[in-house]
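1. Here is my input, please return the structure:
(2 chains)
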Number of protein chains: 2
Amino acid sequence: MQLRIPGPTPCPPEVLQAMSKQMINHRGKEFEGILNSITTGLQQVFQTKGDVLTLTTSGTGGLEAAIVNTLSPGDKVLAVSIGVFGDRFVDIAKQFGVTVKYLSFEWGKAADPQAIHNALEADPQIKAVLITHNETSTGVTNNLKEIAPIVKGLEKLLIVDAVSSLGCIDLPVDDLRCDVVVTASQKGWMVPPGLAMVSMSDEAWKAHAHASIPRYYMDFTKAKDFLVKRGGQTPWTPVVSVYYALDVALGLMLHDGLANIFNRHARLAQMMREGVKTLGLSLFADENYASNTVTAVKADKKFNAAKLVQVLRDEYDVAIAGGQGKLKGEIIRIAHLGWVTDKDIEAVLQALAKALPRSLA
Amino acid sequence: MQLRIPGPTPCPPEVLQAMSKQMINHRGKEFEGILNSITTGLQQVFQTKGDVLTLTTSGTGGLEAAIVNTLSPGDKVLAVSIGVFGDRFVDIAKQFGVTVKYLSFEWGKAADPQAIHNALEADPQIKAVLITHNETSTGVTNNLKEIAPIVKGLEKLLIVDAVSSLGCIDLPVDDLRCDVVVTASQKGWMVPPGLAMVSMSDEAWKAHAHASIPRYYMDFTKAKDFLVKRGGQTPWTPVVSVYYALDVALGLMLHDGLANIFNRHARLAQMMREGVKTLGLSLFADENYASNTVTAVKADKKFNAAKLVQVLRDEYDVAIAGGQGKLKGEIIRIAHLGWVTDKDIEAVLQALAKALPRSLA
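-> Numbers count the residues shown, from 1 in each chain, chains lettered A, B, ... in the order given. Sure, this is the predicted structure:
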């Protein structure tokens, strides 16, 4: 199976082998070594000297943790949305009593930095900005290198959903002064799902000290205490096997080097976009902001999206995703993040070429 | 390594092998089949016709989910505690604004059903009872068969922490009219950690409809919608590998049969208790309520608990646990749940006999 949905992504054999290791004491020396090794590795990939915490949840759990650990009911945030996952961040914030100023952009386009600046200037009560780095539902990457200085220049807390970008697309957390950055194991990390990873800046910790949304399982004070004071522990029993796997995967990633990883993702994404256009299809995303981890392709009236997904799956053993929310039936999405090579892109494009004539609208 | 801590517990080879399977689409047919198979298997082990939901969290996440899905801030509950995990349930409830009437019993003893009856009669405002079925910190099992009819006779919601008992000690959820029952994959299920399983009765769903503690990741409306309406899905990306493993483990368990599993746990626990006494040591738990999944042994002045744990680990490759909270240094705890045989008990007792003279107080 060519698994080309935007997570879970395929895992290399070394990583899968690590998953099958026998259980150990999660409060013993061996796990301590693994957690400390993972934490150091994550700091390198996040490009931060700050804390990176791990939580036994999926990415959505990580997004919830980011909100409940830094905000209080009634706090006002600017939520920048360019798709389904931006909207999910809004839903989570509202659910916990946060007041959301919603700033959305046309799906397929990136957020406009000037509009973010204007929205923040217009309402000094805004305390934090929620933003999706890479919007999986539309295949668009926001330009955080432009947006972060605006948000931090106005001294707002910057909370970033980087679930489908971190470890694939350059996101220098400290340089950009991102306060809270969330990712999850089943995306660029080449690891099965079950683990969210969240970085916290000093400013984020200051906000945490006053954040009053009730929390227990996801509480970062406990997570940090167990990581640092107890030394290499988690407050609750962790998803041990995924920690084994992440330790191995981080070894592979750091051996490869961040620059190589980012370049490979950029090159393969470009190859995918060119291939799709060569087939006479149109990209959904504004090409200036097209994602290097997932490519969205417009159905227009050239193919039936549901049918194409089905034919690729049933006849060519290629799993891709359809559109979500209002994009259902409008697009297909092909993921190319984590463990992916030129050959995978070629294989998907070849299957796509064959499946298209059988998936007409 | 003889891993004899009360979770994570050792996994059989078939289960570990399942952990190393490649990723699949969590919104595809194959995962749907696995989740539906697991759900049916869980219903058999829970002995319920009601819903059993799965969550990508540890057991503590499951306990939090039980509370936030059935209660509202200001609701009054009776929390019955006989140890560390009973107290944790209290902490979680308080954290989310629940008013807790705390009913604790001497550590090492079981909860007194009459005292529970009296406490409920004394305060008609109490809406629910939180109780630990098997208290891992003291090695005591509460007699739910006596307690449940009292709680349900007074029409209270019965919320049970069965993290370290379900699948090991008989807990007929429907017969006892337990409303919410929580367990976790790394205990009796012979599966790595990462998954909590929670049953919900009709009455629990009625309470859920009015429960206003804010929740998102752990929301059971979403979990049930994705399980039933969408058919075999979870709202968020699940810890796929642990689902693979649980499916295999449930196959082993149901092939063995519940009666055999309960009898085996009872027999091995008895063997452990007899063995410990033969070594001249005393059990911490009241023997009438001694747990069939974990045995706590008093240090008295016969051994140094920390030293004994260390000698067993370093010299005999046997991992056991010390005491938690106020029992630190006072007891050791040996777990015998899940994948455990007569030979394991013998091996641990032999190591204990050799380690004791080198671990004197």
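
2. Quick check: whichever residue of the stretch 201-350 of chain A sits closest to chain B vs A:Phe284, distance?
-> Nearest residue of the stretch 201-350 of chain A to chain B: A:Val239, at 3.4 Å (CB to the nearest CB). (C-beta placed from N, C-alpha, C; glycine too.) Computed as CB to CB, to the nearest Å, the A:Val239 to A:Phe284 distance reads 34 Å.

3. more crowded one of these two?
-> Ranked by neighbour count (other CB atoms under 10 Å in any protein chain shown), A:Val239 and A:Phe284 place A:Val239 first, with 33 against 24.

4. Which of the three states applies to the nearest residue to that one once chain neighbours are set aside?
-> Spatial nearest neighbour of A:Val239, excluding adjacent residues (CB to CB, 6 or more residues apart in numbering or on different chains): B:Gly194 at 3.4 Å. At B:Gly194 the chain is in coil, as set by DSSP: H, G, I helix; E, B strand; the rest coil.

5. A:Asp174 too?
-> coil.

6. Next, count neighbours for it.
-> Neighbour number of A:Asp174 under other CB under 10 Å is 14.

7. With adjacent residues omitted, what lies nearest to it?
-> Using CB to CB, 6+ apart, the nearest residue to A:Asp174 is A:Thr48, at 4.8 Å.

8. Phi, psi for the one you found please.
-> Note on A:Thr48: backbone dihedrals following degrees, to the nearest 10 are phi -140, psi 150.

9. residues touching it, list them.
-> Applying CB atoms under 8 Å, 6 or more residues apart in numbering or on different chains, one finds that A:Thr48 lies in contact with A:173-174, A:181, A:199, A:201.

10. For chain A, which helix extends over the most residues?
-> helix A:258-278 (DSSP state H).

11. Which secondary structure element is home to the nearest residue to A:Ala355 once chain neighbours are set aside?
-> Distances taken as CB to CB, 6+ apart place A:Val311 nearest to A:Ala355, at 4.4 Å, with adjacent residues excluded. Using DSSP states H and E, A:Val311 sits in helix A:305-316.

12. now A:Ser164: how far from A:Ser81?
-> According to CB to CB, A:Ser164 stands 15 Å off from A:Ser81.

13. Next: A:Leu42.
-> 27 Å.

14. same question, A:Glu155
-> 22 Å.

15. Between those two, point out the one with more neighbours.
-> Per other CB under 10 Å, whichever of A:Glu155 and A:Ser81 has more neighbours is A:Ser81, with 22 against 9.

16. Can you give me the pLDDT of the more buried one?
-> Model confidence at A:Ser81, given as pLDDT, is 98.

17. Also A:Ala211?
-> Looking at A:Ala211, its pLDDT is 98.

18. Then A:Lys229?
-> pLDDT, A:Lys229: 89.

19. Repeat that for the one 10 residues further on.
-> pLDDT, A:Val239: 98.

20. now A:Ala361
-> Per the predicted model, pLDDT is 83 at A:Ala361.

21. three-state assignment of it?
-> Under three-state DSSP, A:Ala361 comes out as coil.

22. and it, what does it touch?
-> Here A:Ala361 is in contact with A:299, A:301-304 (CB under 8 Å, 6+ apart).

23. rerun at 10 Å
-> Counting by CB atoms under 10 Å, 6 or more residues apart in numbering or on different chains, A:Ala361 touches A:299-305, A:307-308, A:329.

24. Quick check: the gap between the residue nearest the centre of chain A and A:Ser241.
-> For chain A, A:Val163 is the residue whose C-alpha lies nearest the centre (CA atoms, centre = their mean; 1.3 Å). Using CB to CB, we find A:Val163 at a distance of 20 Å from A:Ser241.

25. Same question for A:Ile331.
-> Taken as CB to CB, the span from A:Ile331 to A:Ser241 is 34 Å.

26. who's more crowded, these two?
-> A:Ser241 (31 against 26).

27. does the more buried one count as helix, strand or coil?
-> Per three-state DSSP, A:Ser241 ends up helix.

28. quick one: the strands in the stretch 151-300 of chain A?
-> A:157-161, A:180-184, A:196-200, A:282-283, A:294-298 (DSSP state E, counting those that start in this stretch).
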